[in-house]
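Student: I would like the atomic coordinates for the input below:
(chains A, B and C)
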Amino acid sequence: MKKLLSLALVVMMLFGAVSFASAEKEEVTLVIISQAAWNDQMTEMVDLYYQETGVRVVLENYSFNDMLNTIEVKIGTGSEDYDILMVDIPLVSSYARRGMLADLTPYFTEEDLAMLPSAAVTASTYEGKLYASPICNSSQVMYFNTMLLEQAGVDLSELQNATADNRVTWERVAEIAENALQVLDPDHSLGIIGMDFQQVDRVYQMNQLPNSLGGLQVDETGFSLDGVLNTDAWKTALTWYQDMVKKGICSRGITASELPNYFYSDKLLFMIATNEMPANFVKKEMDHWDCMPSPCFEGYEDKVATPTGSWHLGVSAYSKHEDEAAAFVKWMTCTEEATEKFYELRGMLPVYATLLEKLAADENTPKNMKIAISESQNTAYPRALTPAFNEYSSVINAVWSDTRNGEDVDETIEWAIEEFEAQTLKYKN
Amino acid sequence: MKTANLSASAARLHRKAMRKKYLVRALHYFVMLLVALITMFPLLWSFFASMRSDVELYKYALPFSWHTIFPVEYTFESYRVVLTELGFPRAAFNTLLVIAIQIPFACLINSIAAFAFTTFDFKGKNALFAFFVVSFMIPGEAVTMPLYQMVNKFGWVDTRWALIVPGIASGLQLFLFRQFFADVPSALIESARIDGASWTQVFFKIMVPMCVPIYITAALMIFMGEWNSYMWPLLVARREKIRTVQIMLAVVKMEHITLWSCMYAGAVLSVLIPVALFLPLQKYYVEGITAGAVKG
Amino acid sequence: MKNKCAPYLLLLPAFLLICIFKIYPVATTLQQAFIVDGHLSLGNYQRVFAEKTFWKCLEVTLKFNIVTVPLQIVISFLMALLVSNNIKGAGIFRTIYYIPFAVSITVAVMVWSLMFQYNGGIINSFLSIFGIPAQGFFNDKKQALWCIVVLCSWKGCGYWMMFLMAGIKNIDSSVYEAAKIDGASYPRTVWSIVIPLMKRVFLFVCVANTSSNMLLFAPMQLVTEGGPRNSTNVLMYEAYKSAFRYADMARCAAIVSVLLLILVAISLVQFFALGDHDARDAKKAAKKAARRGVIA
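Tutor: Numbers count the residues shown, from 1 in each chain, chains lettered A, B, ... in the order given. Next up, the predicted model:
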């Protein structure tokens, strides 16, 4: 019996060895760690690339959280099975610092870089070297449910005519929402939400509130929140948001992944969301919506700050096909053909300059896209520049969710400053 | 006259006792039903949720009404999507295959080790036992990275070996087997030895048949562990050919738009399979371990 | 019984596999706790112990376990008693109680978080009928941890019930008959006969339940993210975040080692309290050795 057992173990080991040997092939195949939500569009893109170059790019799809874990484990332990990574921009410096990304500087010429927004290039540069290249920009737009608002007797022209130079204020949106709720759902029995953020509790969208009041993301060292959070801008923003939740205008307890469902189901009046949202509206047969630029705070009309930046592509430092991988990254992010194709498929604001100009000039570009283009060029506010972005977002996310849950604002701020201090200690020595 | 009175009072007493018995029985069923309702409610709710569109699910959440739970329009669309487009049958087969290989190896290896602990006295017994007990307290997340590195060196990534081999030996199962093996009367083993039975015979002819419920319990532990494990298969079983159920379900979950009804449908299907397996096995619990021994 | 090499041979496969796939990787991880900038140091522990968060997490972890472990064991035992007799339909209820364990933790967390939702969750919808204002549940500092206790108990009790049921079934039916003849009431029988006879099973369930709850963090990761205001932040979640979010393996290793020490300490107490004979032997041996040491 024991012999049998040891035999079985040996057989297992052998099988493992065989499958390893057969995995090596002549033809170059690149593997990309990609996000599941983009599967359909990415599949078309890699097919197109195969037709043109004969290089196969294989997708390995993950949800956002799984992708972060996978990159930590696989690239962190030096696996050679992956060539290209989809990287959320704030993580570039963290990955680059740990030697997980290959240097892309040699592959991008000055002219190439000139076609990409300088903010995105700066964000993907670490210690003077380029580590990633941007695919798109998730600038935010305010969507609203025209059917519900009309039912509530709201005059839509005020909202529909809002422009970047003539924004509706947050205070006004709150007022409209509150009045509309009184008509539509006076006893809150229908659970209609007045206004909300698609990525509620997340740094990415929520920080636009303090930013639009002149608040900063993080101090210039990148390792402290002292003098950032304990300022009037942050306190005002947090208090204002908390009041919105207390009044029942903003929701409580609903997670970021669920909120769009409330909009499709006619349970949400105003929603700040990413610019490619209309593609989902079509899928969910939601046809009574319109959009306008992000609101501003009264008296801070010139301070409007909108979230910017999105997914980038980088090459794994352990890739055995670095040149081929870099070529794909360059094609995806820095050619008119690929960026235009991706825009057609995904409907998400591109960053490639030529295409952007074309879209801005085109009469037929949809309203949400026009707004996004203008925001990305005029009010885009860069994310926190810190190698400790994960620690930062974990602390600030907690600040937003605690505020939403009714914790005392001053205490929350105090806690966050201390917590971030403790978590960044390791970077300081 | 007296006897009649006596028998009448006896009958009254008997009737009272019977009434009490029925009352206890009724109460027993009532409590069982209540607990069953509490356990089943969240699942029934997801079952109904799996049969409605995402939009409808949110539309009727408030105010509380019949349609908060029961769909307006029953649709099996999500089941169709899960079963055909998302490849549930293939994933279920993959998972079952891994489990089918793992269970016999795991049961054998862990139970013979437990057998060593209950039958023999040897040097370092307590230390070794402590070693096994501590081994199951190690959180999986703390070993993920080095284990991945090792499995990658073996060339096991994206093969079934990575799913099967690391999970075979388990201190927890060894502990379970040992606790129940210890209940088997040692006199039984001694007399078998005196009759000339070898240790292999003692194990397979006495221990295994007497501890069938424990083997079933251990098999169920392995089954559920593998069936529901997520992080490890996500790392080592990416290829569609070997993808497991939970990974397939995760594909359904996207970053911003979550297909809720498909999630529920997948969840319902993924619960049905283990339940279908447990249903016929639970009758083994009716008979205890030593019951068989005493009769035999 | 004595036998020179048989026990070691029986233990070998399990021992080797656990060494390769558990001990070696965890050692690789844990050693990082003692290294700062390539030098041997306790700096990581100093750093972790200086954090307020660490102590808060320790408090939450202990609070969670002190409530959850006894609660789950008591409920599981009552459930096991409820379905361990052979009345009609008990088998179906047994299966029903077991079903929640077949649900993966991801799905369980999702279903409960939707049910517990502040805005439009079914529980708040239901409460609103009676005019009870909406409760925060997962979003309330005072309720979140207890909601997780409910979720875990819902999912876990049926599982632990299985082991206890196997233990109850293991007791010879003549024991019950004897108790009945003595006129002992049912609770009395359970308390003074059934429970003492099931010590080994209880020991297994206690140790296994404690370690599984101490290492649990999926609900915290998926719903509360440790909040509100760290009220559900357990040590294991902090360790997970260190490893997979902050790329800070040293901190993860330091926290995991603290967790392991706590677990070992708790299970030692459980081993002594539940009178496992091996542990008692060890204690006696230790006492004897000590006495001998004193005499010598």
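Student: which residue packs closest to residue 239, ignoring adjacent ones?
Tutor: No chain specified, so I'll use chain A. Once flanking residues are discounted, A:Thr239 sits nearest to A:Val409: 5.4 Å by CB to CB, 6 or more residues apart in numbering or on different chains. Backbone N, C-alpha and C define where each C-beta goes, glycine included.
Student: actually chain C
Tutor: C:Ala239 sits nearest to C:Ile255 (CB to CB, 6+ apart), 4.1 Å away.
Student: count of neighbours near A:Cys296?
Tutor: Around A:Cys296 there are 23 other residues, counting by other CB atoms under 10 Å in any protein chain shown.
Student: Then C:Phe126?
Tutor: Per other CB under 10 Å, the neighbour tally for C:Phe126 reads 13.
Student: And for the one 5 residues further on?
Tutor: By other CB under 10 Å, the residues close to C:Gly131 number 6.
Student: Please confirm that it is located within a strand.
Tutor: No - assignment of C:Gly131 by DSSP: H, G, I helix; E, B strand; the rest coil gives coil, placing it outside any strand.
Student: how is chain B carved up into domains?
Tutor: B:1-42, B:84-295 (automatic domain parsing).
Student: re the thing from before, for the residue nearest to C:Ala239, what are its contacts?
Tutor: If a contact means CB atoms under 8 Å, 6 or more residues apart in numbering or on different chains, then C:Ile255 has C:Val48, C:Phe54, C:Leu235, C:Met236, C:Glu238, C:Ala239, C:Ser242 as its contacts.
Student: now, the most widely separated pair of those?
Tutor: Across these, the longest distance by CB to CB is 14.0 Å; it joins C:Val48 and C:Met236.
Student: how close does A:Ala132 get to chain B?
Tutor: The gap separating A:Ala132 from chain B is 19 Å, by CB to the nearest CB, to the nearest Å.
Student: Mark which of the contacts of C:Ile255 are buried, thanks.
Tutor: C:Val48, C:Phe54, C:Leu235, C:Met236, C:Glu238, C:Ala239, C:Ser242 (16 or more other CB atoms under 10 Å in any protein chain shown).
Student: Restricted to helices, list the residues you listed.
Tutor: Using DSSP state H to define helices, the subset of these located there is C:Val48, C:Phe54, C:Leu235, C:Met236, C:Glu238, C:Ala239, C:Ser242.
Student: What is the neighbour count of residue 40?
Tutor: Let's take chain A. Other residues close to A:Asp40 by other CB under 10 Å number 10.
Student: ah, I was thinking of chain C
Tutor: For C:Leu40, the neighbour count with other CB under 10 Å is 9.
Student: need the contact list for the nearest residue in space to it that is not next to it in sequence.
Tutor: Leaving aside its sequence neighbours, C:Leu40 sits nearest to C:Phe34 (CB to CB, 6+ apart; 5.8 Å). For C:Phe34, the contacting residues are C:Leu40, C:Ser41, C:Leu42, C:Asn44, by CB under 8 Å, 6+ apart.
Student: Please apply the same query to A:Leu156.
Tutor: Per CB under 8 Å, 6+ apart, neighbours of A:Leu156: A:Thr146, A:Leu149, A:Glu150, A:Asp290.
Student: Verify the contact between the second one and A:Asp266 for me.
Tutor: Looking back up the chat, that one is A:Leu149. No - between A:Leu149 and A:Asp266 there is no contact under CB atoms under 8 Å: 10.9 Å.
Student: who's more crowded, those two?
Tutor: For the pair A:Leu149 and A:Asp266, the greater number of neighbours falls to A:Leu149 (22 against 19), based on other CB under 10 Å.
Student: Show me the residue at the heart of chain B, geometrically.
Tutor: Using CA atoms, centre = their mean, the residue of chain B that lies closest to the mean C-alpha position is B:Leu220, 3.7 Å off.
Student: Can you give me the neighbour number for the closest residue to chain A within the stretch 151-296 of chain B?
Tutor: Taking CB to the nearest CB as the measure, the point where the stretch 151-296 of chain B comes nearest chain A is B:Gly155, at 2.6 Å. By the criterion of other CB under 10 Å, B:Gly155 has 20 neighbours.
Student: what's it sitting at in phi/psi?
Tutor: The phi/psi pair for B:Gly155 (degrees, to the nearest 10) reads phi 80, psi 30.
Student: Could you measure from it over to chain C?
Tutor: Applying CB to the nearest CB to B:Gly155 and chain C gives a distance of 16 Å.
Student: Quick check: next helix or strand after the helix or strand containing B:Phe177?
Tutor: Under the criterion of DSSP states H and E, B:Phe177 resides in helix B:171-181. Going down the chain from helix B:171-181, the next helix or strand is helix B:186-194, by DSSP H and E.
Student: Can you spell out which helices and strands pack onto that following helix?
Tutor: Using 3 or more CB pairs under 8 Å, 6 or more residues apart in numbering or on different chains; DSSP states H and E as the contact test, no helix or strand touches helix B:186-194.
Student: let's see 10 Å
Tutor: For helix B:186-194, the packing partners by 3 or more CB pairs under 10 Å, 6 or more residues apart in numbering or on different chains; DSSP states H and E come out as helix B:88-119, helix B:199-201, helix B:289-295.
Student: Pull out the buried positions in that helix.
Tutor: Buried residues in helix B:186-194, counted by 16+ other CB under 10 Å: B:Leu188, B:Ile189, B:Ala192.
Student: so the first one touches B:Ile206, yeah?
Tutor: It stands for B:Leu188. Yes - the criterion here is CB atoms under 10 Å, and B:Leu188 meets it with B:Ile206 at 6.2 Å.
Student: what's the neighbour count on B:Ala91?
Tutor: As a burial measure, B:Ala91 scores 23 neighbours (other CB under 10 Å).
Student: what's the closest non-adjacent residue to it?
Tutor: B:Met248 (3.9 Å).
Student: which residues touch the one you found?
Tutor: Listed by CB atoms under 10 Å, 6 or more residues apart in numbering or on different chains, the contact partners of B:Met248 are B:Val82, B:Leu86, B:Gly87, B:Phe88, B:Arg90, B:Ala91, B:Ala92, B:Asn94, B:Thr95, B:Glu240, B:Gly266, B:Ser270.
Student: for these, which one is nearest chain C?
Tutor: B:Ser270 (6.7 Å).
Student: The closest one: neighbouring residues, count only.
Tutor: Using other CB under 10 Å, B:Ser270 is surrounded by 24 other residues.
Student: correct me, but it touches B:Phe88?
Tutor: Yes - here B:Ser270 reaches B:Phe88: they are 8.4 Å apart, a contact under CB under 10 Å.
Student: Pull up the overlap in contacts between these two.
Tutor: In contact with both B:Ser270 and B:Phe88: B:Val82, B:Val245, B:Met248, B:Leu249, using CB under 10 Å, 6+ apart.
Student: Most widely separated two among these?
Tutor: Using CB to CB, the pair of the shared contacts of B:Ser270 and B:Phe88 lying farthest apart is B:Val82 and B:Val245, separated by 10.5 Å.
Student: shared neighbours, the two?
Tutor: Contact criterion CB under 10 Å, 6+ apart; residues shared by B:Val82 and B:Val245: B:Phe88, B:Ala91, B:Gly266, B:Leu269, B:Ser270.
Student: quick one, which of the domains of chain B is packed in tightest?
Tutor: domain B:84-295 (a mean of 20; mean count of other CB atoms under 10 Å in any protein chain shown).
Student: on that earlier part again, nearest to chain A, out of the contacts of B:Met248: which one, please.
Tutor: Nearest to chain A out of these is B:Glu240 (CB to the nearest CB; 10.6 Å).
Student: quick one: the closest one is in a helix?
Tutor: No - using three-state DSSP, the assignment for B:Glu240 is coil, not a helix.
Student: Show the contacting residues for the residue in the stretch 301-429 of chain A that chain B sits nearest to.
Tutor: Closest residue of the stretch 301-429 of chain A to chain B, CB to the nearest CB: A:Trp311 (10.4 Å). Taking CB under 10 Å, 6+ apart as the contact definition, A:Trp311 lies against A:34-35, A:38, A:86-89, A:132, A:134-138, A:333, A:348.
Student: In helices, which of those fall?
Tutor: A:Thr333.
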